[in-house]
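[1] No letters, just coordinates:
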């Protein structure tokens, strides 16, 4: 009985050590500043997507796919704005990627203005959207709204499809900011 | 005893960090390509019940989840209408299913009439069939052969470059699958991403 207990304790200590190592891998002593959001709504292709991800390395990143005509997207948007305003100084960046057509850029800009969104906003112009979807998360059925959470190392931590609440976002984001 | 407590804390920490660092999970489609589609019953826009298997004897059956208010689905209505018209004479039945809780049956009927969707349109109240099949958005097609085996699941077209512009929408992804089923040849693609609007489901929480 005592030997078994001893084995369990050794196992837990070992997993604790693993936790420390993982913790070292998941945490940063310094948080890079939030890259300034581009002015206006830029087109985003595969190269721009990779560049954007690289620029945000070291910060926790939330990426939201939406469209002006998408009602649940519009309903969800204030939660993203609130999330960004609450945690940007703690190392959180938010990026919105619109699925609208090119002629809808004024509508996108107007919507962002009324929402008070102060983060990077893009319009998708991917050459192969299906490939991009599969590269982000093969389980994403590509419908919107869809939101993806990356940790400081750029690893996908959480995926949401459908309108998501502030509390759901916050619950997943907060542990990554510690 | 304190050693056990500290060890438990470390163990719990390990689990939490593992949880925090793992990739996100999303539900997968329920029916897989190559599996047999079971029969189901839904009511049409006039309230009349229809079984899927009443199309027994067709060379293929295409079930398309559609919407009245989704710009992506609406950009494809002319594609659906022309495909149904063209392939009906070749033994293919088209069935539209509206599973959006936000779109009442009268609206679905009017939408079908206005857009020339003259194939059978069913209303999936409570999105039970959408859940059962794992349908997630609109437009999204499930194509079965004469033995009810699922042969293709995904987009009508344009999944690589999604658009709400009806001038740009095509049938470039479902057409090869339809032709493959009709000729008994393997399809080059059996699964694609059906980009569109999420089905507006009843709240489950």
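    Structure received. The structure presented is a predicted model; accordingly, all values stated were derived computationally and were not measured.
[2] Give me the phi and psi angles of residue A:171.
    phi -60, psi -30 (degrees, to the nearest 10).
[3] Output the below-cut-off pLDDT ranges for chain B.
    Low-confidence segments of chain B (pLDDT under 70): B:1-29, B:203-205.
[4] what residues are up against the most centrally placed residue in it?
    In chain B, the C-alpha nearest the mean C-alpha coordinate belongs to residue B:140, at 3.5 Å (C-alpha atoms, centre = their mean). By C-beta atoms under 8 Å, 6 or more residues apart in numbering or on different chains, residue B:140 lies in contact with B:64-65, B:153-155, B:194, B:196. Yep, even glycine has a C-beta here, placed from its N, CA and C like the rest.
[5] Which members of the residues you listed occur in helices, if any?
    Among the contacts of residue B:140, no member falls in helices (DSSP state H).
[6] Out of those residues, which is nearest to chain A?
    Distances from chain A to the contacts of residue B:140, taken as C-beta to the nearest C-beta, are shortest for residue B:196 (6.0 Å).
[7] Surely that closest one and residue B:154 touch.
    No: contact criterion C-beta atoms under 8 Å: residue B:196 and residue B:154 do not qualify, at 10.6 Å.
[8] Looking at these two, which is more packed in?
    residue B:196 (30 against 26; other C-beta atoms under 10 Å in any protein chain shown).
[9] Tell me, how many residues neighbour residue B:34?
    9.
[10] thought residue A:98 was touching residue A:42?
    No: with contacts counted by C-beta under 8 Å, residue A:98 stays clear of residue A:42, the gap being 10.5 Å.
[11] got any residues that touch both of the two?
    Residues within reach of residue A:98 and of residue A:42 at once, by C-beta under 8 Å, 6+ apart, are A:121-123.
[12] out of everything not next to it in sequence, what's closest to residue A:91?
    In this structure, residue A:91 finds its nearest non-sequential neighbour in residue A:31, 4.0 Å apart by C-beta to C-beta, 6 or more residues apart in numbering or on different chains.
[13] Touching, that neighbour and residue A:59? I think so.
    Yes: counting by C-beta under 8 Å, residue A:59 is a contact partner of residue A:31 at 6.5 Å.
[14] Find residues that contact each of those two.
    Residues touching both residue A:31 and residue A:59 (C-beta under 8 Å, 6+ apart): residue A:91.
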